[in-house]
Each structure stands twice: as structure tokens, then as C-alpha cells.
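>>> Provide a 3D model corresponding to the input given below.
(4 chains)
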Number of protein chains: 2
Amino acid sequence: MNLKQLAAHLNLSQTTVSRALNGYPEVNEQTRKRVMEAAQALNYAPNARAKGLATGRAMAIGHVIPMSTQHQMMNPVFGDFIAGASEEYVKAGYDMTLSVTGDRDEKENYRRLKAKGNVDGIIVHGPSMTDARIPFLRQLGLPFVVHGRATELDLPYSWVDMNNTHAFQRATDFLLDLGHRRIALINGLEFMDFAYRRRVGFEQAMAGRGAAVDPRYMTAGEMTESYGFESAARMLALPDRPTAMITSSVIAAIGIRRAIHAAGLEMGRDVSVITHDDDLSFLRNGPDVPIFTATRSSVYEAGRIAAAMLLAHIADPALPAQPRLLEAQLIIGGSTGPVPQDAR
Amino acid sequence: MNLKQLAAHLNLSQTTVSRALNGYPEVNEQTRKRVMEAAQALNYAPNARAKGLATGRAMAIGHVIPMSTQHQMMNPVFGDFIAGASEEYVKAGYDMTLSVTGDRDEKENYRRLKAKGNVDGIIVHGPSMTDARIPFLRQLGLPFVVHGRATELDLPYSWVDMNNTHAFQRATDFLLDLGHRRIALINGLEFMDFAYRRRVGFEQAMAGRGAAVDPRYMTAGEMTESYGFESAARMLALPDRPTAMITSSVIAAIGIRRAIHAAGLEMGRDVSVITHDDDLSFLRNGPDVPIFTATRSSVYEAGRIAAAMLLAHIADPALPAQPRLLEAQLIIGGSTGPVPQDAR
DNA sequence: GTCAGGTACCGAAGCGCTTTGGAAATGCCC
DNA sequence: GGGCATTTCCAAAGCGCTTCGGTACCTGAC
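Down below sits the predicted model:
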């Protein structure tokens, strides 16, 4: 069923049917109603490709998700971000296309995406500190919004990011207030912007109180359960083991908890743990009383916001680049407590 | 840069350029080379919409992922499945489009997807036992492959599924061999086909040894950490607590482990745990020695296989429906052991 | 010299839609 | 009844590509 057939069926021209369906004013309300009903009955939906060709707009947003080639790891945060974004796309009648890509040919990928013309804009995931994609996309002239930012880049572009520095500064301050001094940072890969900023927040807080930052208490790696476990286990084996740990994801925190138990210690009493919590739907940090004390910021919400921002940019290309900083909450759970007596 | 411009630039007709780029034989090798080089240099890529319109093929696959409306939960398995599928799509030059949808309007969604014509086929996720989408899609005539199956449906259709029944039967048998009799099943939602089949496997194994299935030891719910924790905590508080537990996901298993520790018990000694392990990239079950004894089947691999199957069906619509059953490995980790003396 | 068969190219139609630039019909005023 | 908006509809061009049905030229066989 296509427009031509529908028009023939209604004894109208394609023009009129098209206008009726697209809400143009110059068509009789009665005719419009008739058209709408027929379309519904014959379940006609305009061919997206033809429509796109005629209008020049694809009515689709591309998400390019980098797969870390080293570990072939898919960021678990991605699903919830997509779900949030999707909510906005559905409202606006946009589709979503995905390309999973290695870090290698990503630029070529963007160029092709634009040339092929099947997206009107894209969301950039997982920016590094000096992300080359951002200047490239600017020059390409394809609207985009970054989830995160690239610290070293001094260009105007739109992004949605959490205040990583501030969040980790607060978390560290909270631990310092509890008397902790030997605080570990079990961080994500630090060429990733979010991880870098978190380290900065951590260090600033430590420096602010004159607490020493011990390199033995700091690691950076891909945020898996076993990474959390191994990092924590190694540190707990030190003669002057840390009394508190801050980490970048609940999954790593779970590994840390395991290491603490394996060392015969108790989380929250012997060792305090704070994690960042992306509020993932399948990994809620406890239903009412949080398991982990955490800096929390919903990545679902970030997805929603990024999508809405991108759609706004597409609707009005003259809109200036727009930054959007989300503050994380610091929520207190059972994984933190005052520094143990014997470690004071 | 479009075909017309490229052709003009080369002093050739659009026809010849098109044929050169698409590998048709009736074009001089030298000309083809010249065309290819110019296309590369001017980074020309054919407009996908126009191409689709002309060929009638969208060169894209749709993934419709249901968001459980109750809990707004995104299945964590999804990311890795997509990554696997994507590998095949990239090889074949296909794109991937995503629609996140509530369970409500899903049928309408599929119809629209077909009418809009921007996919050549779709992958169906998360089938229930009597999934209405399957007969609907058959009738719609849009090629599709199901990840999982619908037990109650007696129709030919293509699917990729793991042998859930057998896997859980083996897992249960393994526990029975270790002397366990009070075995709990902390399962997924049992209208979902995979969860139903796992229960069947569990029950068959129990019945095969004359072991009683105690309803107090069985739950079904969405596989979150806290669900695992609460279910296990409740069961461990029983006077005759189970000595072993089987669960459907590593995430729930982590909650179970937490409950075991919270009860002052030790996993693998006081309580054995077996989980199903989808081999998710961000949740590896221990790098070398697995943490959990598990039935393992890579969902990444399932994604790859499902995608390849769908592409084959699109290439040759006459191909008969094809089922594909993947066997899970039973891998032994540290979470299981013989039934404790006092519980014999 | 002619003609079949190849090779290398091209013109134009058509995919299903939107949209421009009208045209016909209607209503209203004088 | 003529003039003039206004309303309601339409024909046809065009979006960028593929592909059908050629044409022009060359080669070699008879």
C-alpha cells in the first residue's frame, strides 16, 4: 500500500492525501478525516526512504558506540542511555540507528554515516580527553551531542556530562570527614575523560586536606568485577592497607566487596567503599537502603537529555552549542563508616 | 557529492559510474579504477535512502527490544547480543536500527516498521511462551529470527536459542550428585520462555532422582541483584534452609552471594550456587578460575548466529525456517561443593 | 562486404514521497 | 452578473539512485 494506491482508492490526488496526512491547512477537515481513516484502515504508513529522499531529512539519529578493541567490552551503561534517548526519539517520531565500531576506523565511519544520509544527527559516546571525533564532526557539519566531554578540547560543542570532578571531590571529602586518610582510587581507564576528571576531583579533595595521594592506592582499568576484586585484593594485602576506596562503577564495587570479604574484613566497618552509581535499571544499588554509599547520576536521564538536545539542534541549526552539566547526588549507604580505631 | 556530480566530474554517465561502483561486469577495468579512485578521493558514498528506494532493499536490520514496563528494565544481555550481531551486519554492509518499545503497542510497531520500509528483517528479543509476535510476523511476511523461542507455538520459524532445559537439568544433576536435596531455584519471570524452560529442566532433574521440589525454594522475578539477595535471604532464614541454589543470571547470583555472607555463611561450603552465565563482556565470571559454577553460553555468539541466519533468510527468502539450538557448557567454579555434613 | 557477437558506454524511466505553481470551484460584495 | 478573495484540490517536477533497453564501435568468421 503506497500513496498512489491510497489516493486512487480515495479518488483524490497524491498531493491532497499527502497534505491531509501531514497536517497542512489547505485541506478540508472532512477530507482529512476521510483520508486519515482510510490510511488507518488500510494501515498505510509512508515509506520512510521515499519520504527521506523527498524531504532531505532522515528522521533518524545515529549512535556510534565504540567497542574497546582490547577487551571487546561493551559498556554496560549503554543500554540504559539508549533507553532514555529512545523515549525522546519516539515522542518526536525519530528512529535510532546503531553502529558498533572499533576505535580504529571511527572517523571514516562518521563520514560514511553523513554521506549515506541516513541520520540527521549523532550522539557521540565515550569521549577521550583529546577526542579527535569532536573537531572532525564539527567540520563535517553533522549535528551531534557528546555524552561526556573532552577536557583538552577548547571548542564549542554540545555535551551532556555529569560533574565528575565535583562528585568525586565530594565523595573524597566525605571519607576525609570520617577520618580516612589512606584512600584508594580504583578508577576507569584514564584516557577516558570521565575517569580523568574523577581522578582530578579525588586529588583536589586530598590536597585540600593535606592528605597524601599514594600511587600504590591508585589504579586505572576497565571497570569489571574482577578488576575491582584484583585491585582491591592487591591493596588490602599491603602492610598499610587503605581504609577506604572510591571506585567508578557498581560492578567494580561488587568486586571490591568480594575482595574485602575474602580478606576476612567487613565492608563499611574495616574498609569503606564509595562507588559511582549510574543508576542502571538492572543493577540498582539496593531498593530503599542503598548497599553502597555512592555518587549517583542517572544515565537514563542523561540519555533523555542528550537526545532532546540533539533534536533541538536539528530543528534549529542556528542554536548555539550547549553544555549541560548534571550534578550527582551523594547518597549514603551501608558501605561507609568512620575510620577504624587501629588505623587512626 | 552525489552520483550526478561524480559522473559529471568523470565525464561519464550516471549509469556507468553506478555500474562501476557496484561491480557490474560491463565496464572497462580501467574506467572502473578511475571511478573508484575518484569516489574515494571525493569521499562519495551513495545516498542510502535513494539506493533503498531504487532497489527496494533497505540494507538494514531492525532490533525491537521490549522494555519491561513494570520495572522499566533494560535487559543487560542486550548490549552483548547487539555487539555480536553487529559484527555480521558490518561484514554484509547492513545497518542496524533499534526500537525500544513497551510491551503494549509492539504489534503496531512491527507493522509500522514494515510499512515504513526501513528494515529488511528483524530480530525478535525476549519471547514469551505464547508470543503473539511470532504468528503476527509470519503473516506480515517480514523476515525475522527470534532470540529464544516460544514453547507453546507450533509454527515453523527461525530461532537461535540455548538449550535451557538441558543446561538446568545438568546443573541440577550436578548438585544432586554432590548430595544436595534441598535445592532452590531463583528464576527469571516465568512467562518468559527461557525461564520456563529452565524450570522444566530443574524439575525434570529433581523428579529423575526422586527429590522433592519445595515451592518455598522457588521464586520467579526480574533478575536484579536485590532480587537475588532478597530471595536468597528469605530462603536462608527458613529452618530447613536450602543447601544449594540455582539462578538464571550472574547479577542475581551476586545478590545471592551477598545474602549468604550476610547470613554468616560461606558460598561453596555452606551453600552451593550455580548460575547461568551469558558471558557478558562487562561481567565476566572470573578471568581464569570462575567465581561461580555456571552453565555458560555466550550471548555475543548468539547475536552473531542470529544475525547471520537472518541475513541468509533475506538473501534467499525460499530458505526454510531454521532452528538453532546452542548447548551451554557446565563450568565448575568455586561456588559449589558437597552438601554440608549436618544437612545430610 | 556483411553480419553475428562482444565490449563499453548512455538515456531515460521509475522507486514513493513532497512541494511548487497553478486551476477550478465557491462565496461574497457591489 | 462581474470581480475578487478564499478554499480546495491537482499535475508535474524533483529528491539520488538503479536498471531496462538501447546505441556505437570493434572484431573476426563466412
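
>>> Quick check: residues of the stretch 201-344 of chain A near chain B?
Contact residues (C-beta under 8 Å from any C-beta of the partner chain) of the stretch 201-344 of chain A with chain B: A:223-226, A:251, A:254, A:257-258, A:261, A:280-284, A:286-287, A:291. C-betas here are computed from N, CA, C, even on glycine.

>>> Now list the buried members of those.
Listed as buried from these are A:223-226, A:251, A:254, A:257-258, A:261, A:280-284, A:286, A:291; burial here means 16 or more other C-beta atoms under 10 Å in any protein chain shown.

>>> Please identify which helix or strand holds whatever residue of the stretch 101-250 of chain A ends up closest to chain B.
Nearest residue of the stretch 101-250 of chain A to chain B: A:A115, at 3.5 Å (C-beta to the nearest C-beta). Using DSSP states H and E, A:A115 sits within helix A:106-116.

>>> Spatially nearest residue to the residue of the stretch 101-250 of chain A closest to chain B, not counting backbone neighbours?
Distances taken as C-beta to C-beta, 6 or more residues apart in numbering or on different chains put B:A45 closest to A:A115, at 3.5 Å, once the chain neighbours are dropped.

>>> burial count for that neighbour?
For B:A45, the neighbour count with other C-beta atoms under 10 Å in any protein chain shown is 16.

>>> Can you tell me how far it is from DNA strand C?
Per C-beta to the nearest atom of the strand, to the nearest Å, B:A45 is found 18 Å from DNA strand C.

>>> where does that residue land on pLDDT?
Note on B:A45: pLDDT of 93.

>>> Likewise for A:N118?
89.

>>> which stretches of chain A form strands?
Residue ranges of the strands in chain A, as given by DSSP state E, are A:60-66, A:95-101, A:121-124, A:144-147, A:158-162, A:183-187, A:218-220, A:244-247, A:272-277, A:293-296, A:323-326, A:329-331.

>>> Alpha carbons of the fourth one, as CSV, please.
Presented in CSV, the C-alpha positions along strand A:144-147 are these (Å, rounded to 0.1, in the frame of the first residue of the first chain):
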residue,chain,number,x,y,z
PHE,A,144,26.0,16.0,17.3
VAL,A,145,25.8,15.8,21.1
VAL,A,146,28.5,14.2,23.2
HIS,A,147,27.8,12.1,26.2
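
>>> counting contacts, what elements does it pack onto?
With contacts taken as 3 or more C-beta pairs under 8 Å, 6 or more residues apart in numbering or on different chains; DSSP states H and E, strand A:144-147 sits against strand A:121-124, strand A:158-162, helix A:299-315.

>>> most packed of these?
strand A:121-124 (a mean of 24; mean count of other C-beta atoms under 10 Å in any protein chain shown).

>>> for that one, packing partners?
Secondary elements touching strand A:121-124 (3+ C-beta pairs under 8 Å, 6+ apart): strand A:60-66, helix A:133-140, strand A:144-147, helix A:299-315.

>>> near DNA strand D, anything from the worst-scoring helix or strand of chain A on mean pLDDT?
When each helix and strand of chain A is scored by mean pLDDT, DSSP states H and E, helix A:106-116 comes last, with a mean of 86. No: Helix A:106-116 lies out of reach of DNA strand D by C-beta under 7 Å from any atom of the strand, never closer than 7.9 Å.

>>> related to what we said a few turns ago, out of the buried ones among the residues of the stretch 201-344 of chain A next to chain B, who's nearest DNA strand C?
Among these, A:S281 lies closest to DNA strand C (C-beta to the nearest atom of the strand), at 35.7 Å.

>>> quick one: contacts for that closest one?
Each residue near A:S281 by C-beta atoms under 8 Å, 6 or more residues apart in numbering or on different chains is listed here: A:79-80, A:83, A:300, B:71-74.

>>> which of those residues tops the neighbour count?
A:G79 (28 neighbours).

>>> I figured that residue was touching B:P76, is that so?
Yes: with contact taken as C-beta atoms under 8 Å, A:G79 and B:P76 are classed as touching, separated by 6.5 Å.

>>> overlap in contacts of the two?
In contact with both A:G79 and B:P76: A:280, A:282, using C-beta under 8 Å, 6+ apart.
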